[in-house]
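Chemist: What would the 3D arrangement of this be:
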Amino acid sequence: MLRRSASQKQVVCQGADPALALAGASPDAPRGARHYPTPPDAPESMWHHVDLHVKDWLDERQQGLFHYVNEIPLGALQKFELQTKLPMNVIREDVKGSKKLKSFGQPVPFNYGCFPQTFRDPEELDEIHAAPGDNDPLDVLDLCPQAAGVGEIVRCRALGAVCLIDKGQADWKVLAVNVDADCPLADARSVADAEEIMPGRIEQALRWMDEFKQHSSTSGTTLHYEILDADQAVRIIEND
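Modeler: Coordinates of the predicted model:
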């Protein structure tokens, strides 16, 4: 898959707190939408100018870690999304998506975000499912039961990955943990570790995603429950 070019300058960008205190509405946003711009002193794109890799190679504990940009906090009934086609790639509320979440009525049970400097190319077929990419950055489900803010840059470790086929496109979801979270899952290094530390957590996340998609989608969606391991998840991240 195509990797978007980006400088190595890292943005330290803080979004709203986990309680979802909303920022002001964007002048060009859909009616009722809210968005989260980068701070005035950090105008760079959270997609293009945040490092994918955590690069403190002197610290062995940080090797193999990635950054992700959080879009939807755990416990939310509002959908926020990084805008790939708007200046600075601001994070904006998806009003239609928020209505679907509220109609579904079950808050998001994980932090949901995307990996910077990644792109699921619709011109290339997925090696496993032979489906095109979904034209968006690679998604991440942070399983730690601790809410991250909208627009927060999180250090994470990939544990595995699952594929959602949505509208004929391969929409991979990397299962990860926030390594800085104050919870036992932060130490997990594999799906097996996560299951031992918090039994049923992964099943809860996947079942929610599957049921939400079935509730809200007007076209066929299929969640493949086969979970790839951590090494395969890292390869998906690196290849995007």
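Chemist: May I ask you to name the longest strand in this structure?
Modeler: Longest strand in the chain, counting residues (DSSP state E): strand 153-166.
Chemist: quick one: average pLDDT of the next helix-or-strand element following that strand?
Modeler: Counting by DSSP states H and E, the next helix or strand C-terminal to strand 153-166 is strand 169-178. The pLDDT scores in strand 169-178 average 96.
Chemist: Please apply the same query to stretch 85-97.
Modeler: Stretch 85-97 comes out at a mean pLDDT of 90.
Chemist: For it, list every residue counted as buried.
Modeler: Under the neighbour-count criterion of 16 or more other CB atoms under 10 Å, stretch 85-97 has Met88, Asn89, Val90, Ile91, Arg92, Glu93, Asp94, Val95 buried. (Glycine included, C-beta is placed from N, CA and C.)
Chemist: quick revisit: can you show me the CA trace of the longest strand of the chain as CSV?
Modeler: What follows is strand 153-166, C-alpha atoms only, in CSV (Å, rounded to 0.1, in the frame of the first residue of the first chain):
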residue,chain,number,x,y,z
ILE,A,153,-1.5,11.3,20.1
VAL,A,154,-1.1,7.9,21.8
ARG,A,155,1.8,5.5,22.0
CYS,A,156,0.6,2.0,21.3
ARG,A,157,1.7,-1.6,20.8
ALA,A,158,0.0,-3.7,18.1
LEU,A,159,-1.4,-7.0,19.4
GLY,A,160,-3.2,-8.3,16.3
ALA,A,161,-5.5,-7.3,13.4
VAL,A,162,-8.9,-8.1,12.0
CYS,A,163,-10.5,-7.3,8.6
LEU,A,164,-13.9,-5.8,8.0
ILE,A,165,-15.1,-6.0,4.4
ASP,A,166,-17.3,-2.9,4.0
